[in-house]
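[1] what's the 3D shape of this:
(4 chains)
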4 protein chains.
Amino acid sequence: MSVTSELRRTVADLHRELTKYELVIWTAGNVSARVPGQDLMVIKPSGVSYDDLGPDAMVVTDLHGKLVEGEYAPSSDTAAHAYVYRHMPEVNGVVHTHSPYATAWAARGEPIPCVLTMIADEFGGEIPVGPFALIGDDSIGKGIVETLRTSRSTAVLMRNHGPFTVGTTPRAAVKSAVMLEDVARTVHFALQLGKAEPIEQHHVDRLYQRYQNVYGQ
Amino acid sequence: MSVTSELRRTVADLHRELTKYELVIWTAGNVSARVPGQDLMVIKPSGVSYDDLGPDAMVVTDLHGKLVEGEYAPSSDTAAHAYVYRHMPEVNGVVHTHSPYATAWAARGEPIPCVLTMIADEFGGEIPVGPFALIGDDSIGKGIVETLRTSRSTAVLMRNHGPFTVGTTPRAAVKSAVMLEDVARTVHFALQLGKAEPIEQHHVDRLYQRYQNVYGQ
Amino acid sequence: MSVTSELRRTVADLHRELTKYELVIWTAGNVSARVPGQDLMVIKPSGVSYDDLGPDAMVVTDLHGKLVEGEYAPSSDTAAHAYVYRHMPEVNGVVHTHSPYATAWAARGEPIPCVLTMIADEFGGEIPVGPFALIGDDSIGKGIVETLRTSRSTAVLMRNHGPFTVGTTPRAAVKSAVMLEDVARTVHFALQLGKAEPIEQHHVDRLYQRYQNVYGQ
Amino acid sequence: MSVTSELRRTVADLHRELTKYELVIWTAGNVSARVPGQDLMVIKPSGVSYDDLGPDAMVVTDLHGKLVEGEYAPSSDTAAHAYVYRHMPEVNGVVHTHSPYATAWAARGEPIPCVLTMIADEFGGEIPVGPFALIGDDSIGKGIVETLRTSRSTAVLMRNHGPFTVGTTPRAAVKSAVMLEDVARTVHFALQLGKAEPIEQHHVDRLYQRYQNVYGQ
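    Modelled structure (predicted):
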């Protein structure tokens, strides 16, 4: 199996995590993966139902979003994914959803404060807001990259739009999207009935260092 | 397979999307489809469980709601669907649900403001409220049609009742119902903890034009 | 198959509706059915997981809660069900859940106002609150019966406890429990962001009369 | 089958209850069980997906968290579980989740008031908050034990972190986690729209005594 056909399968499988965790509805969300060592990426086609997203439906584009392989037109968010890969060489996976709680923070343009150990562990501090940007050119990609560069977070809340997450692997980007929605929801619940104290910075730092280095197998 | 028997299957399948996205409970929601080129429509029978809604359970009525084909009495909302088909020739599918977030906006009689790019894309602006109307004559249908005519939206929030959506195809009407509940929920969450700035009109216009013309395959 | 063994199956199947609509967790909710023409009822056993609730697990008691048939001890709510059957001869099914939204209204001791056509249709007006009552004697049953007698509603919100619903058939009682949670949730959402006008009484009356007499097959 | 291999299966099966009731996402939550009569426990491995958690994936550690048996590194929460088993001999099961509603109360550092009969039944009064504690030494375990010793509750809300629950059996600890999230949610809903009167202490006492002694088979 070639690298891209294996990656098509990976990306197809990861879309199922988005539906499993109810981060997306209808066709509104996408995962992409950088093809290792090539200026290419694998991404979801535009407007195709999640039920029909097998490996063969995935498309391959260059890092300017030009279709290289595949029968469908690529996701309408391809330009944003491509911009991220061009400007963040350490990123190998990008995810975009409109998961409801994260998108609610994005609609208010309000970062998610670091009031949970899970946020410190996974995001290393508050989860930042990116600018309002229209689809159609590099504005969204630029907003994502500029925001993530000022933060440890792998997630950014694009204003009036929704979250984008990145990872050193496609699976890590999906994990970030799942964890983001979970903490967006929990902090939403917390603040509905009062206040939550942010965790002190030195504690956040210790939690983040530990989780990034010790957790898992 | 005749046109109506194919359409019975389509309409039966689309009801499964309503349960999948949790837009309906028990028997409280319905999809209909115009029979192309005939003054007929296919619609859900009244008070039949979604588990029992195979193609054969669907009924065919004329565009005044009179039963033409089928073993069951048609949905109690048939008159509203029929009115829409009589007065909006471009509409070929109608959906009615009591999906909880959309119905909450309807209960308050408050339109959903256009604070998300997804609302601009799909609905072209705020999602309007229709009048309070009693079942039993043309009041509901009239309220739907008059409200939708003043708006780009394919969804209307009937006051103290719930949403109706329309589409150029039955599937498009179902998509509208799914997207409606999603944005009704996200904007609900957003406004629970503060304010969300509406997207400027010229941006809404660009997003709507692009999505209606470029998105998908 | 004897009447009671058929009824055991019906009651077992109806418990699956409670889990399907997420009205219950673990073992905390129960359905019962009156045995037609006998002073007996079929009810869920106490503390048995929903996964293990086949027809054989169901128990038969007399209308004072004394075990007549079955291997398990009856539900700890049996006395309340029995009291209802003794005092409301038109009732043939009783359901008790702790469904979250309905129970939240019960915790506040606040009736659910009739702000939705679905509430008018199904409950004929606001859904009333019953008294705080301890388990162990007839207090809960008495509270249910006295509250329902002053209302058209088939559902009562027992204060600090949760809902009980009744029906002319066991399935109707389950439907009432499902619809109750749905409207409890929608009205909750509506009131979180503002006010909702109650439907005028004469409209409520017309909706209720129609739905009770015309809806369904 | 040896005692530990039977317990591995039990613990693996109980993790499925956590996903079934949506108390955990990705890999963020864990169940453990004391090995009867030995200074050992069975616990989830660190960072392994719930889909891959068969009996063989479970690990056995001593009561200081040192790996005794198994192919994976134990959960990063092992030290906290171990501390509980060392200091609470009556406890044979421990569960940790970040279930959203319970964690929201933890983020605010606010105990869940006893406003529902279900809380009186299961927890015997309000559900207490434990201290903020960092992972890495005995702080979390100590916080859990000291808080639970002052309460009848089998659940503690660790500040800015999430809930831990205990039980005389592993299944009882899981039940506590399930019931905790349920009541955390219902009370959250109740307080969003007003106040809920706590149940009087003597009623709480009666309910608790009865439920602990009479309920079930």
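
[2] all contacts plus neighbour counts: C-alpha atoms, from now on.
    OK.

[3] check contacts around A:Q217.
    Remark: with contacts taken as CA atoms under 8 Å, 6 or more residues apart in numbering or on different chains, A:Q217 is in contact with D:S46, D:G47, D:V48, D:Y72, D:A73.

[4] ok, of those residues, which come out buried?
    Buried members of those, scored by 16 or more other CA atoms under 10 Å in any protein chain shown, are D:S46, D:G47, D:V48, D:Y72, D:A73.

[5] surely the fourth one meets D:A57?
    Just to be clear, that refers to D:Y72. Yes. Between D:Y72 and D:A57 there is a contact at 7.1 Å, judged by CA atoms under 8 Å.

[6] what touches both of these two?
    Common neighbours of D:Y72 and D:A57, using CA under 8 Å, 6+ apart, are D:P45.

[7] So for A:G136, what's the pLDDT?
    For A:G136, the model assigns a pLDDT of 86.

[8] do A:S2 as well
    According to the prediction, A:S2 has pLDDT 79.

[9] From D:L63, how far out is it?
    48 Å (CA to CA, to the nearest Å).

[10] repeat for A:V35
    From A:V35 to D:L63 the distance is 45 Å (CA to CA).

[11] Rank the contacts of A:Q217 by pLDDT and give me only the lowest.
    D:G47 (89).

[12] In contact with it, which residues are there?
    Here D:G47 is in contact with A:Y215, A:G216, A:Q217, D:T27, D:A28, D:S75 (CA under 8 Å, 6+ apart).

[13] Which residue, neighbours along the chain excluded, lies closest to A:Y211?
    A:D121 (5.3 Å; CA to CA, 6 or more residues apart in numbering or on different chains).

[14] circling back to that earlier point, select from the contacts of D:G47 the one having the most neighbours.
    D:S75 (27 neighbours; other CA atoms under 10 Å in any protein chain shown).

[15] From D:P45, how far off is that one?
    Taken as CA to CA, the span from D:S75 to D:P45 is 5 Å.

[16] can you tell me which helix or strand A:A104 belongs to?
    Element membership of A:A104 [criterion: DSSP states H and E] is helix A:100-108.

[17] and the residue of chain A nearest chain C?
    Nearest residue of chain A to chain C: A:Q192, at 10.5 Å (CA to the nearest CA).

[18] how near is that residue to chain B?
    Going from A:Q192 to chain B by CA to the nearest CA, to the nearest Å gives 7 Å.

[19] how many neighbours does the residue lying closest to that residue once chain neighbours are set aside have?
    In this structure, A:Q192 finds its nearest non-sequential neighbour in B:L193, 6.8 Å apart by CA to CA, 6+ apart. The number of residues packed around B:L193, counting by other CA under 10 Å, is 16.

[20] Please, where are all the helices along chain A?
    Ranges of helices in chain A, per DSSP state H, are A:3-20, A:78-87, A:100-108, A:117-123, A:139-148, A:170-192, A:201-214.

[21] Report the angle between the longest one and helix A:100-108.
    Helix A:170-192 and helix A:100-108 meet at an angle of 70 degrees, taking axes from the mean of the first three to the mean of the last three CA atoms, to 10 degrees as the criterion.

[22] Contact partners for A:V42?
    A:T4, A:L7, A:R8, A:V11, A:S32, A:A33, A:R34, A:V35, A:M58, A:V59, A:V60, A:T61.
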